[in-house]
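[1] coords please:
(2 chains)
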Amino acid sequence: MKLLTKLAVALVLVLGSLMLLAETVTAAPVQPDPTGLSVTTAPRLDPKGHPMVGQYLVVATLKTADGTAVENQPVSFYEQVQFIGQMRDALIGTATTDSTGTAVVAYQPVQTGVHTLVAHSAASAQYAQSATTSTLQVSQVVSPFPAVIEPLASVRAALTIGVALVVIVVWAFLIGLAVRAITGIRAGSEAMQPVE
Amino acid sequence: MVHDRTVVLEDVREAALRPMGRSGWRFWALAGVLALVVVVGAGAYVYQLIGGLGTAGYYDRGFWGIYEANLVAFIGVSYGGALVSAILRLTQARWRAPITRLAEAMAVFSLLVGAAFAVIHLGRPDRMWELVTRPQASSPIVWDFVAVMTYLVATLVFLSLPLIPDVAVLRDRFSGTAGWRRRLYGALSLNWRGKPGQRRLLEQSVTAVAILIIPIAVLVHSVLSWAFAVNSRPGWDSTIFAPYFVVAALFSGVAMVILVVAGFRKGYHLERYIEPKHFRYLAFLMLTLDLLYLYFTFTELLTEGYTLNEQVTPILTQLLAGQYAPFFWLFVVGAGIVPLLLVALPRTRTVPGIVTASALVVAGMWLKRLLIVVPAVAAPLISGDWGSFRPTWVALSITLAGAAAIPLLLMIFFKFFPILSIYEMEEMAAEPVLEPTMSEPAVPELVTAGVVERGIR
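    Numbering: from 1, shown residues only, chains lettered A, B, ... in the order given. Next up is the predicted model:
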């Protein structure tokens, strides 16, 4: 009887250990799928299909290792900039990948030259993080701020010249008048022609 | 009718040259007090130059204040003086002769003082020169500079030309002496002999300047208003600011002419030439301008108040019922309604009544300029906090110095030049009045020139 009891306890312990071991094995993390991110730029087009000066689209494509498009993953876009002597990533924007694994943001650089762009997909439970860079040569920029409305800009040159002429005429008239009066009176004015 | 014309004309000359004689203790006492005020103001300006505009009460939310108000007020009275004289000349108002010299001299000196406040208003007056060397055509400050300089030349010509025959009188008077006066008046009289050609040329020139100075004065004060109006700051961005400023200038200018005329009339006992009727005529002009200015004020407030623009409404509220309301209503009553009543009522339409009305107008219109400048600056554009401007002793000293400088400069000027226009008064005397009026008989003498002659009537 005692032996049976000991065997039963041992059996329970063994089974319990096995169940615990099995439980431990099922709770282990699942390795996320590795992904690959590529980024390209393209001119932004207006509704008529014409390229918009100084405006670009930054396009990132997220795929798994086997080439399957990854959908509904957020992708952040940055521009590498030098800030107080250090290189920093300045956020351009964030977009979510569509069914083709593509995420797009509009980009309007403010300086000409070579711009280094970074696309970054953060890690998730299913997919590993990935990042990539691309460069963009910008030769023409458009100010992001609205153009300053200059008062009377369309007629400024003519207006300035016109006002300047009026001022000059007034000064000439005043000085001429004074000089004429001074010289005429000083000369005695008997010789002057009477003005009707 | 026999008139002792020579005696009468000699009286005119004696009166016109009276300030040039030996001055009594009252003159020196007044000149001393005025000079002291000016010296204290000059010292305060030096202190401001060293310590910056903050010593005058200026700061980032009170960056325009008393100096801008002084600039507009003093230049405004200058326009008033010049326009009164020009209009009276062009309309050939015969009663103008005794007051034109005072009005024209006041125009020049108040303009000089007003223009000085443009420099005092600058934190860095050493950069004033850059208005010439690096002008920015789109800046109203450049327009102001050009306009004020043009007007200064016009007023100087307008004062100088009618002075030539009177300087010739001085030349003749000092011809027997050997001092500097003989040389000075000899040079300035330009060989004036009163010949027909000289008279014709002088009259043509004075008339031309009188015609020109009216549009110049109107335009110059319009330009001054545009320094405010073309600014998008609520409270200033008004389409009627130009005529509003012009009327204000005329209104305060006529009042200032009355004060100057009254002061020198009393000081030099010119009652015989500057009669109560001169004050009445000027007072009627002031009354008209008073009504016009009140109308403009009402129009301005009505349009702003009716539209209830969200940026203008707080300023309007502060002005009519807030922290600036006591000053605003003081202006309306003190400079608008009380002077109007003083002039309109026959009982108070006397020389003291008119002078009181004029003093109220000059003071009230200065206050109104301050109310144009300060609330608009103090109103917040971003945060909810109101700024303020509280003038310090520095600002008040400099302002008082400016006010004292005008009578002081006039007193000094009339120590060297006739206070009455001898030439014009003699010209008026020479022209017979052919058409009798209802109130005055046709007397071919100095009556209409303001001269009540001895034993003529």
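
[2] Please make it C-alpha for all contacts and neighbour counts, starting now.
    Fine.

[3] now the helix or strand hosting residue B:281: how far from the chain's centre is it?
    Here residue B:281 sits within helix B:276-307, counting by DSSP states H and E. Put simply, helix B:276-307 sits 17 Å off its chain's centre (CA atoms, centre = their mean, to the nearest Å).

[4] same question, stretch B:313-333
    On CA atoms, centre = their mean, the centre of stretch B:313-333 falls 27 Å from the chain's centre.

[5] go on, stretch A:130-147?
    The answer for stretch A:130-147 is 7 Å, by CA atoms, centre = their mean.

[6] what's that stretch in contact with?
    With contact meaning CA atoms under 8 Å, 6 or more residues apart in numbering or on different chains, stretch A:130-147 is reached by A:35-41, A:53-55, A:108-123.

[7] Stretch B:303-315: which residues count as buried?
    By neighbour count on 16 or more other CA atoms under 10 Å in any protein chain shown, the buried set for stretch B:303-315 is B:304, B:312-315.

[8] And the furthest pair within the residues you listed?
    Greatest spatial distance among the buried residues of stretch B:303-315 (CA to CA): B:304 and B:314, at 10.9 Å.

[9] So residue A:95 is in contact with residue A:105, correct?
    Yes: using CA atoms under 8 Å, residue A:95 is in contact with residue A:105, at 6.5 Å.

[10] Now, the contacts of stretch A:130-147 that are in strands?
    Members of the contacts of stretch A:130-147 lying in strands (criterion: DSSP state E): A:35-41, A:53-55, A:113-121.

[11] Just the buried subset of those, please.
    Applying 16+ other CA under 10 Å to the ones in strands among the contacts of stretch A:130-147 flags A:35-41, A:54-55, A:115, A:117-121 as buried.

[12] Just want the most central residue of chain A.
    Centroid check for chain A by CA atoms, centre = their mean gives residue A:92 as the closest residue, at 4.1 Å.

[13] The helix or strand harbouring it: which residues count as buried?
    In this assignment (DSSP H and E), residue A:92 forms part of strand A:86-96. If you call a residue buried by 16+ other CA under 10 Å, then strand A:86-96 has these buried ones: A:89, A:92-96.

[14] Residue A:113: what's it in contact with?
    A:137-139.

[15] partner residues bridging it?
    residue A:138 (DSSP bridges).

[16] any idea how far it is from chain B?
    Taking CA to the nearest CA, to the nearest Å as the measure, residue A:113 falls 34 Å from chain B.

[17] Model confidence score at that residue, please.
    Looking at residue A:113, its pLDDT stands at 91.

[18] same thing with the one 10 residues further on?
    Residue-level confidence at residue A:123 comes out at 88, pLDDT.

[19] what about it, neighbour count?
    16 (other CA atoms under 10 Å in any protein chain shown).

[20] Which residue ranges of chain A form strands?
    Ranges of strands in chain A, per DSSP E, are A:35-45, A:51-64, A:74-83, A:86-96, A:102-107, A:113-121, A:130-138.

[21] if we can go back for a sec, so of the buried residues of stretch B:303-315, which ones are in helices?
    Applying DSSP state H to the buried residues of stretch B:303-315, the entries found in helices are B:304, B:312-315.

[22] Keep only these that also lie close to chain A.
    When CA under 8 Å from any CA of the partner chain is taken as the criterion, no member of those contacts chain A.
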